[in-house]
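> Kindly generate the corresponding structure for this input.
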Amino acid sequence: MKINLPLLLFCWALCARANVLHEDIHIRGCSDSDTEDIYGLDGEELWYADFINQKAVEPQPEFVDHMSPEEGAYEQALADQQICRQNLKTVQQALKNETLENDPPPNPTIYSRDDVELGVTNQLICHVSRFYPAPVQIHWTKNGENATQGIRSNPPYVNKDGTFQQFSSLSFVPQLGDIYSCSVEHLALQHPKTSLWDVEKTQPGLGPSIFCVVGLIVGLLGVATGTFFLIKGIECR
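Here you go, the predicted model:
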């Protein structure tokens, strides 16, 4: 694998302790156009810094126990971005002659959060994984028309191999005949990749099954404590 011109610089803090069954991870990232600050526990995203709306966001559904960020977490994330950008400039200068390597995402996976009942509000979830660099742009349509309401997207989350995954959700009320699509754009793709979801062809229970698989995939294994600067899995020292 080639060393890549850094589009995204990460400060990755992974903590583990002998005889303890839980792991937490704090990821800070920056690029020329994007910023990211996420805290996760046991492979689940607990909160992230929303630099557009200037606040810390808890993405978990209401029915789970929340672990809220500490007071001042967003302000600290904002200050850390200045350090990240300074480090990014240093790494860009050091690797300015390296060849850029991108990993395009596969076709997105689209499924309903709950078993589908006609006329009952639900959510469609679009999952994209194994792409580099982050982020991807995710777009929704309903019956060929762009959907703009009820959309929520999470920031990209890093996989163990240095690639990323990302989710987007769309609130909707299922009606027979409706067809939805999720399209993904990425700088490594010449054309968007699109997956369709048809209300009439939906299989009950698909959403929870896929969530279990995704939970296993994003589980993070670590045995050391420390801070690393990662660019596609390459340590920068």
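> in the chain, what secondary structure element scores lowest on mean pLDDT?
Of all helical and strand segments in the chain, the minimum by mean pLDDT, DSSP states H and E falls on strand 226-231, at a mean of 30.
> Outline the domain layout of the chain.
9-100+221-235, 109-217 (automatic domain parsing).
> Would you point to the one among the ones you listed that's packed deepest?
A comparison of these by mean neighbour count, using mean count of other C-beta atoms under 10 Å, puts domain 109-217 on top with a mean of 16. From N, CA and C alone the C-beta is placed, and that goes for glycine too.
> Now it: average pLDDT?
What domain 109-217 shows for mean pLDDT is 86.
> chain center to it, what's the gap?
Centroid separation for domain 109-217 versus its chain: 12 Å, with C-alpha atoms, centre = their mean, to the nearest Å.
> Can you spell out which helices and strands pack onto the longest helix seen in the chain?
Taking DSSP state H as the criterion, the chain has its longest helix at helix 73-94. Counting contacts by 3 or more C-beta pairs under 8 Å, 6 or more residues apart in numbering; DSSP states H and E, helix 73-94 packs against strand 9-15, strand 24-30, strand 35-41, strand 44-50, strand 55-57, strand 226-231.
> worst average pLDDT in those?
Among the helices and strands packed on helix 73-94, strand 226-231 has the lowest mean pLDDT, at a mean of 30.
> gap between the two ends of stretch 183-195?
By C-alpha to C-alpha, to the nearest Å, the extent of stretch 183-195 from end to end equals 7 Å.
> Please read the previous query as pertaining to stretch 95-104.
With C-alpha to C-alpha, one end of stretch 95-104 sits 22 Å from the other.
> Please shift the residue numbers so they start at 9 in all later answers.
That works, and once the first residue is 9, the last one we named lands at stretch 103-112.
> tell me the mean pLDDT over that stretch?
Mean pLDDT, stretch 103-112: 78.
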